[in-house]
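**Student:** below are the sequence and a predicted model; questions follow.
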2 protein chains.
Amino acid sequence: MKLATLNDGTPDGRLHVVSTDLTRAEPAEGVQTLQALMEDWDGLSPALEAQYARVNQGTGSAFEPEEALAPLPRAWQWLDGSAYDSHGDLMQKVFKLDPSPKGRPLMYQGMSHQFLAPCEDVPLPTEEDGIDFEGEFGVICDAVPMGTSAKDARAHIRLLVQINDWSLRTVAPIEMKTGFGWIQAKPACSIAPIAVTPDELGDAWRDARVDLPLNVTLNEASFGAAEGYHMSYGFDELLAHAARTRKLVAGTVLGSGTVSNENFREIGSSCIAERRGIEMLDKGAPETPYMAFGDHVEMECTLRDGSNLFGKISQRVVQG
Amino acid sequence: MKLATLNDGTPDGRLHVVSTDLTRAEPAEGVQTLQALMEDWDGLSPALEAQYARVNQGTGSAFEPEEALAPLPRAWQWLDGSAYDSHGDLMQKVFKLDPSPKGRPLMYQGMSHQFLAPCEDVPLPTEEDGIDFEGEFGVICDAVPMGTSAKDARAHIRLLVQINDWSLRTVAPIEMKTGFGWIQAKPACSIAPIAVTPDELGDAWRDARVDLPLNVTLNEASFGAAEGYHMSYGFDELLAHAARTRKLVAGTVLGSGTVSNENFREIGSSCIAERRGIEMLDKGAPETPYMAFGDHVEMECTLRDGSNLFGKISQRVVQG
């Protein structure tokens, strides 16, 4: 099943069921918003699956991606991992960070009261902050009790999403050094228009990981196509980590961290900071600048058959 | 004006107007929840101020604190500062942390999808985590645009609250060392039953700080009575810091961090970790244990005339 939230002027938008090929959409029957669906997934999703079959047979009207908000335009909780060791290890080396503790996922709590629409301009105060994107995969879960194991957490993964975790790199190390995590360095994220149930991925949903490449372009030039599979912890393990001392509210969004592979020199990166890190290692200094106002980033993910999975993130940064 | 949210079985509860002496309460007229009030403070608060005058003249019914939820049982954003240098400097010395950067407030983003009720048991998985309380003051703001100055931020402070920021001290340094902030070490906070407008404090609302002591008892023995005024940054400056690269959603809760004074040896502490830090300095090793299941913490704040301001936090930790 594929779902999108279209702008109807309300804060949470209007949930729609979208056809597999992303050409058609119809207002969801029996539930207004994705948050409401997450709060009663078992009760509401069977009717939506039936509606999805009908939309795939031609009901509904044309799906207009530019009307899409983030699937959850706001959420009660946004937790972001950093589950790709090739990215973490490089950042650690380049920025001389303390080695991250082994045997524990890295995770921070981010702002969740706003997720930007996938084609919305991104207003930020100044280019001096080192504006960067971070291409990620993520999950949306229903309610997860405190103490849930990784094994049991997997069934709580109801939807998969594709995220751009906007990051301000000049501020990030200053905040990181405090140990308190990030406030100014992590403004609102963006989410691609389509949230999909894991079955839409077929074999590409494997070990609670998205086994597909994330294609990133910057100003229309290819920037990276890292494979999503190479997480040191699956989303099930990340959920269990988060739920050890708290219950997770239905509609919690949990991200993978920047998708990254060990062969990043060949396959490219999902954020500028990683490419700059490689340049520092290989050439002694970074060459690729962070984003300027007007710069344009796109991210999308296709199944092995070439069909688009989550729709496209396509955004420009602008003076806020 | 004094406000409370009483349990009516809904996630956000029912907003009530409470008399100054905390004896009477009446369902708020024209607005169901505190979140809705924060989203239209200018439009809705004048009628509530008029209702507050009537409740103070005897309308409504008896206020039962045990029916109170947190004023915001859930919020879209919870940001917590660490604005008392006497606490931060001690923790830094004892735990051999890197010195925090000067000229910038310390702040982390915490979980906001649940604030525990002021008299609710606190379920946690194990005593081994080093269960601790943190007594704080906090503010609730209306919508703050990105880039708002400290001067302009002050007018967005609509309500003051008293918070217990539950902390798990065994986990905290492990998470802090990653630079990512806290997930497992910071489960749901609690908030005292009454949210008050700043004018309720009279002269004790000074320089965007609460100039009153926070009285903390542990198992019915006095633990601390630190004065709230001694913040290195006022709440106006903390809001401006948070809003530099994001807009703050209406109903954002922002905390002061553990209330602490330089004369903590005389006046006591608002968390166990600080007392243990003093013991480490003075005696070479900590003596005060963290909380055991069944232990009982209370926190309250009185005006100089002895009247109770926020109602009382009174909680036991229990096996979760």
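**Tutor:** Looks like it came in fine. Numbering: from 1, shown residues only, chains lettered A, B, ... in the order given.
**Student:** for the residue of the stretch 101-250 of chain A found nearest chain B, which residues are in contact?
**Tutor:** Chain B sits closest to residue A:181 of the stretch 101-250 of chain A, with a gap of 2.4 Å, by Cβ to the nearest Cβ. Using the backbone N, CA and C atoms, a C-beta is placed for each residue, glycine as well. Residue A:181 is in contact with A:108, A:109, A:175, B:108, B:109, B:179, B:180, B:181, B:182, counting by Cβ atoms under 8 Å, 6 or more residues apart in numbering or on different chains.
**Student:** wait, the last one sits on residue B:174?
**Tutor:** No: here residue B:182 lies out of contact with residue B:174, judged by Cβ atoms under 8 Å, at a distance of 9.6 Å.
**Student:** more neighbours, those two?
**Tutor:** Shown here are residue B:182 and residue B:174; by other Cβ atoms under 10 Å in any protein chain shown, residue B:182 has more neighbours (27 against 13).
**Student:** burial count for the nearest residue to residue A:133 once chain neighbours are set aside?
**Tutor:** Nearest residue to residue A:133, sequence neighbours excluded (Cβ to Cβ, 6 or more residues apart in numbering or on different chains): residue A:297, at 4.8 Å. Residues within reach of residue A:297, counting by other Cβ under 10 Å, total 25.
**Student:** and residue A:270, by the same measure?
**Tutor:** 34.
**Student:** before we move on, what about the one 5 residues further on?
**Tutor:** The local packing of residue A:275 (other Cβ under 10 Å) involves 21 other residues.
**Student:** quick one: it is in a helix?
**Tutor:** Yes: remark: residue A:275 belongs to a helix, assigned using DSSP: H, G, I helix; E, B strand; the rest coil.
**Student:** before we move on, back to that, dump the contacts of residue A:181 into TSV; add pLDDT as well.
**Tutor:** Output for the contacts of residue A:181, formatted as TSV (pLDDT from 0 to 100):
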residue	pLDDT
A:108	98
A:109	98
A:175	95
B:108	98
B:109	98
B:179	93
B:180	96
B:181	97
B:182	98
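**Student:** any chance of these in TSV, plus secondary structure and distance to residue B:116?
**Tutor:** Compiled in TSV, the contacts of residue A:181 are given as follows (DSSP: H, G, I helix; E, B strand; the rest coil; distance: Cβ to Cβ, whole Å):
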residue	secondary structure	distance to residue B:116
A:108	strand	22
A:109	strand	17
A:175	helix	28
B:108	strand	19
B:109	strand	18
B:179	coil	28
B:180	strand	24
B:181	coil	20
B:182	coil	17
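**Student:** how far off centre is stretch A:5-16?
**Tutor:** Relative to its chain's centre, stretch A:5-16 lies at 19 Å (Cα atoms, centre = their mean, to the nearest Å).
**Student:** where does the residue nearest to residue A:133 land in three-state SS?
**Tutor:** Applying three-state DSSP: residue A:297 is strand.
**Student:** so it versus residue A:221, what's the distance?
**Tutor:** From residue A:297 across to residue A:221, the span is 11 Å (Cβ to Cβ, to the nearest Å).
**Student:** same thing with residue A:209?
**Tutor:** From residue A:209 to residue A:221 the distance is 28 Å (Cβ to Cβ).
**Student:** ok, those two, which is more surrounded?
**Tutor:** Using other Cβ under 10 Å as the criterion, residue A:209 and residue A:221 rank with residue A:209 on top: 21 against 6.
**Student:** and the closest residue to residue A:300 other than its chain neighbours, what does it touch?
**Tutor:** In space, and not counting its chain neighbours, residue A:300 is closest to residue A:312: 4.5 Å by Cβ to Cβ, 6+ apart. Residues counted as contacts of residue A:312 (Cβ under 8 Å, 6+ apart) are A:65, A:118, A:119, A:192, A:193, A:298, A:299, A:300.
**Student:** give me the element the residue lying closest to residue A:135 once chain neighbours are set aside is part of.
**Tutor:** The shortest distance from residue A:135 to any non-neighbouring residue, by Cβ to Cβ, 6+ apart, is to residue A:270 (3.5 Å). Here residue A:270 sits in a region with no helix or strand, counting by DSSP states H and E.
**Student:** check contacts around residue A:270.
**Tutor:** Contacts of residue A:270 by Cβ under 8 Å, 6+ apart are A:133-136, A:214, A:216, A:223-224, A:226, A:258-260, A:299.
**Student:** what about 6 Å?
**Tutor:** Contacts for residue A:270 (Cβ atoms under 6 Å, 6 or more residues apart in numbering or on different chains) come out as A:135, A:214, A:216, A:224, A:226, A:258, A:259.
**Student:** wait, the last one sits on residue A:214?
**Tutor:** Yep, that's residue A:259 we're talking about. Yes: using Cβ atoms under 6 Å, residue A:259 makes contact with residue A:214 at a distance of 4.7 Å.
**Student:** intersection of neighbour lists for those two?
**Tutor:** Taking Cβ under 6 Å, 6+ apart as the criterion, residue A:259 and residue A:214 both touch A:135, A:226, A:270.
**Student:** now, which of those sits nearest residue B:244?
**Tutor:** Proximity of the shared contacts of residue A:259 and residue A:214 to residue B:244 (Cβ to Cβ) peaks at residue A:135, which lies at 24.6 Å.
**Student:** identify the residues contacting the closest one.
**Tutor:** A:214, A:216, A:259, A:270, A:299.
**Student:** of all pairs in those residues, which one is the farthest apart?
**Tutor:** Going by Cβ to Cβ, the pair spanning the contacts of residue A:135 furthest: A:259 and A:299, at 9.6 Å.
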